[in-house]
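Undergrad: give the three-dimensional model of this entry:
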Amino acid sequence: MALVQKSGFDDARFHISEATASDYLALLKPRVMSLVVFTAFVGLVAAPVAVNPVVAMTAILAIAVGAGASGALNMWYDADIDAVMTRTANRPVPAGRILPGEALVFGLVLSFLSVMTLGVLVNWVAGALLAFTIFFYAVVYTMWLKRWTPQNIVIGGAAGAFPPIVGWASATGSISLESVILFLIIFLWTPPHFWALALFKSDDYARAGIPMMPNVAGAASTRRQIFAYALVLAPVGVLPWMLGFTSLWYGVVSIALGIGFVWYAWKVLHMENGDRVMKPAKALFGFSLLYLFAIFAVYLADAVVTRALGVPGA
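TA: Coordinates of the predicted model:
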């Protein structure tokens, strides 16, 4: 394996890594990419217009590549802190399987290709939104917020919340209230989701010097904020039904999911500080993943079924 140098170009420029295809796939953060693609697809399908299947596939592919580009740029910049965190130490760059420069070029090339593909072949509203999303995640969140403020995941969460708006814009060439509500669901979901993770991974973040909420404000304050966000998220998740964008059965499922989220957050709120196992936090983290997938899956199914049945406004 080629020597990876963190600084200097005298030797590293004459070497290339022996990375495999799986290493480059890992650089794209496939788990995050799959969530981005899914929520963008929901936004595209839920839009009240007929979209050519080829255009739809092109849009989703471009959004997926853009999400992967963001992940590559994030791993390039965060290689130093990834190296000291147990859950990220084996990523391709800190593990030495991919050179930092290769990750940077890979991310920049994919960023350019994804934005140009979406802009030229779909529409430039969607292309501009994708470009802004990549910039927000790679620069605003990764290079600035993540290392400087405990509100990093609150503000930075906007990057992960944009995909349904990009998907909607790919279909319509515009932004609507419905797509903004989908954005808000992810935006409000992000802090309690990641703070639950931070509660039982606080030692990791402390070693890396990342000012996550539990390390800065303490576990008790973090638990209160998680519960507060859960109380806001639950009704926002029901808004699509309340505003007439979905049918009753989406409303019923979203209410049940919201109650579940609040219940798990309540258990986190009342867990003891000395609980090293952090079972309530781990349970909330797991349920939060189910919540987001389920609420978007039901939203997607509702849009497809109501449109197939010819429901007015669907």
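
Undergrad: where's Ile60 relative to Val51, distance?
TA: Per CB to CB, to the nearest Å, Ile60 is found 10 Å from Val51. C-beta coordinates here come from the backbone N, C-alpha and C atoms, glycine included.

Undergrad: what touches both of the two?
TA: Counting by CB atoms under 8 Å, 6 or more residues apart in numbering, the contacts common to Ile60 and Val51 are Leu44.

Undergrad: please tell me I have it right and Trp189 contacts Leu233.
TA: Yes. Using CB atoms under 8 Å, Trp189 is in contact with Leu233, at 5.8 Å.

Undergrad: more crowded one of those two?
TA: Ranked by neighbour count (other CB atoms under 10 Å), Trp189 and Leu233 place Leu233 first, with 28 against 24.

Undergrad: which SS state does that one fall under?
TA: Under DSSP: H, G, I helix; E, B strand; the rest coil, Leu233 falls in the helix class.

Undergrad: give the contact list for it.
TA: By CB under 8 Å, 6+ apart, Leu233 lies in contact with Ile185, Leu188, Trp189, Pro192, Gly258, Phe261.

Undergrad: what's the answer for Gly160, then?
TA: If you count contacts by CB under 8 Å, 6+ apart, Gly160 has them with Val32, Leu35, Val36, Tyr137, Ile186, Thr190.

Undergrad: Gly156 is in contact with the fourth one, correct?
TA: Read that as Tyr137. Yes. Using CB under 8 Å, Tyr137 is in contact with Gly156, at 7.3 Å.

Undergrad: the more surrounded of these two?
TA: Neighbour totals were compared for Tyr137 and Gly156, and Tyr137 leads with 24 against 21 (other CB under 10 Å).

Undergrad: for the more buried one, give its distance to Ala281.
TA: From Tyr137 to Ala281 the distance is 25 Å (CB to CB).

Undergrad: repeat that for Leu309.
TA: 42 Å.

Undergrad: same deal with Val139?
TA: From Val139 to Ala281 the distance is 30 Å (CB to CB).

Undergrad: quick one: the helices in the stretch 51-200 of the chain?
TA: For the stretch 51-200 of the chain, the helices defined by DSSP state H, counting those that start in this stretch cover 53-77, 79-82, 100-121, 124-135, 146-148, 152-161, 163-172, 177-200.

Undergrad: how about TSV for these, with mean pLDDT added?
TA: TSV is the format used below for the helices of the stretch 51-200 of the chain (pLDDT from 0 to 100):
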stretch	mean pLDDT
helix 53-77	97
helix 79-82	92
helix 100-121	97
helix 124-135	98
helix 146-148	89
helix 152-161	90
helix 163-172	98
helix 177-200	96
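
Undergrad: most tightly surrounded among those?
TA: Highest mean neighbour count among the helices of the stretch 51-200 of the chain (mean count of other CB atoms under 10 Å): helix 163-172, with a mean of 28.

Undergrad: that helix packs against which elements?
TA: helix 30-46, helix 53-77, helix 124-135, helix 177-200 (3 or more CB pairs under 8 Å, 6 or more residues apart in numbering; DSSP states H and E).

Undergrad: ok, how many other residues are close to the closest residue to Ala234 other than its chain neighbours?
TA: The shortest distance from Ala234 to any non-neighbouring residue, by CB to CB, 6 or more residues apart in numbering, is to Gly258 (3.1 Å). Counted with other CB under 10 Å, residues neighbouring Gly258 total 20.

Undergrad: quick check: Gly258 touching Leu231?
TA: No. If you go by CB under 8 Å, Gly258 and Leu231 don't touch, sitting 9.4 Å apart.

Undergrad: check which residues of stretch 226-240 are buried.
TA: Ile226, Phe227, Tyr229, Ala230, Leu233, Ala234, Val236, Gly237, Val238, Leu239, Pro240 (16 or more other CB atoms under 10 Å).

Undergrad: okay if I get those as a markdown table plus pLDDT and distance to Asn90?
TA: Below are those laid out as a markdown table (pLDDT from 0 to 100; distance: CB to CB, whole Å):
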| residue | pLDDT | distance to Asn90 |
| --- | --- | --- |
| Ile226 | 97 | 28 |
| Phe227 | 97 | 33 |
| Tyr229 | 98 | 31 |
| Ala230 | 98 | 32 |
| Leu233 | 98 | 32 |
| Ala234 | 98 | 36 |
| Val236 | 98 | 36 |
| Gly237 | 98 | 35 |
| Val238 | 98 | 40 |
| Leu239 | 97 | 40 |
| Pro240 | 97 | 39 |
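
Undergrad: keep only those of those that are in helices.
TA: Per DSSP state H, helices hold the following members of those: Ile226, Phe227, Tyr229, Ala230, Leu233, Ala234, Val236, Gly237, Val238, Leu239, Pro240.

Undergrad: wait, the third one sits on Leu188?
TA: Yes. Under the contact definition of CB under 8 Å, Tyr229 touches Leu188, with a separation of 6.0 Å.
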